[in-house]
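*Asks:* predicted model and sequence follow; I will ask about them next.
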Amino acid sequence: MLTKEKTGLIVVDVQGKLARRVHDSEALIFNCTKLITGAQILGLPIVVLEQNPQKLGPTVDEIAALFGDLKPIEKFTFNGCESATFVEAVKAHNVETWLVCGIEAHICVYQTATGLAELGYKVEVVSDCVSSRTLDNKHLGIKRIIESGAVVTGLEMCLYEMVGDCRALEFKSILPLIR
């Protein structure tokens with residue numbers, strides 16, 4: 001079970017025109033904003049990746065607006081774990097499990113999730129917060145993520161797992177995200 005004390009969130013490459021071209025992009029962006037907001041309410045560490053932002057563009061405005069002073073980590077490899085800056089950021093937090101959201105499920109999300117597992121972290125990919133340009137590639141990415149040892153969860157499932165109790169202080173703030 002996830003706990004807010006030992007869980008963090010990684011946002012992978014929700015940027016530029018590509019974010020608008022993935023399957024069901026509006027739902028992806030909307031769900032990612034809910035997940036990020038929920039993570040902030042719960043006090044989770046958040047690490048943001050951007051793939052070659054000079055070519056693909058920055059994180060989409062709806063998501064970037066949530067980050068305040070948090071700066072995305074630029075990468076050029078599809079596996080974020082091949083970036084020393086990213087690995088340092090991940091290791092800087094006292095986290096056992098990383099939730100992963102973003103695009104594309106079959107490329108950067110898959111490779112980064114696999115890389116995190118190889119570093120010894122538990123990984124949970126949030127299925128309604130990942131996408132690819134085609135639905136088939138999203139499904140392929142999730143299948144390969146599972147085969148690599150990661151777990152698949154959902155937005156509502158992971159937030160409620162971390163809240164744990166309807167009497168928790170965060171519950172009233174999380175509830176509107178789910179309704």
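*Replies:* Looks like it came in fine.
*Asks:* in this structure, which spans are helices?
*Replies:* Taking DSSP state H as the criterion, the chain carries its helices at 16-21, 25-42, 53-56, 61-64, 84-91, 110-118, 135-147, 155-163, 171-178.
*Asks:* please work out which of these is packed deepest.
*Replies:* helix 110-118 (a mean of 23; mean count of other Cβ atoms under 10 Å). In this view, the C-beta of every residue, glycine as well, is placed from N, C-alpha and C.
*Asks:* need the residues that contact that one.
*Replies:* 10, 12, 49, 78-82, 90, 98, 100, 123, 125, 141, 144-145, 148-150 (Cβ atoms under 8 Å, 6 or more residues apart in numbering).
*Asks:* roughly how far apart are the residue positioned nearest the centre of the chain and A84?
*Replies:* In the chain, the C-alpha nearest the mean C-alpha coordinate belongs to C101, at 2.5 Å (Cα atoms, centre = their mean). Taking Cβ to Cβ, to the nearest Å as the measure, C101 falls 23 Å from A84.
*Asks:* one more: H23?
*Replies:* H23 is 32 Å from A84, by Cβ to Cβ.
*Asks:* surely G154 touches V130?
*Replies:* No. G154 is beyond contact range of V130, at 10.8 Å (criterion: Cβ atoms under 8 Å).
*Asks:* of these two, who's got more company?
*Replies:* V130 (29 against 15; other Cβ atoms under 10 Å).
*Asks:* leaving out sequence neighbours, find the closest residue to the more buried one.
*Replies:* Computed as Cβ to Cβ, 6 or more residues apart in numbering, the closest residue to V130 that is not its neighbour in sequence is A105, at 4.3 Å.
*Asks:* in ChimeraX, select just the buried ones from the contacts of helix 110-118.
*Replies:* Entered in ChimeraX, the line below selects the buried ones among those, by 16 or more other Cβ atoms under 10 Å:
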select :10,12,49,78,79,80,81,90,98,100,123,125,141,144,145,148,150
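*Asks:* other residues contacting stretch 22-30?
*Replies:* 14, 19, 60, 62-63, 103-104, 128-135, 138.
*Asks:* tell me how far F67 lies from E104.
*Replies:* Remark: distance between F67 and E104 (Cβ to Cβ) = 21 Å.
*Asks:* neighbour-wise, which of those two wins?
*Replies:* E104 (25 against 15).
*Asks:* cool, thanks, talk later.
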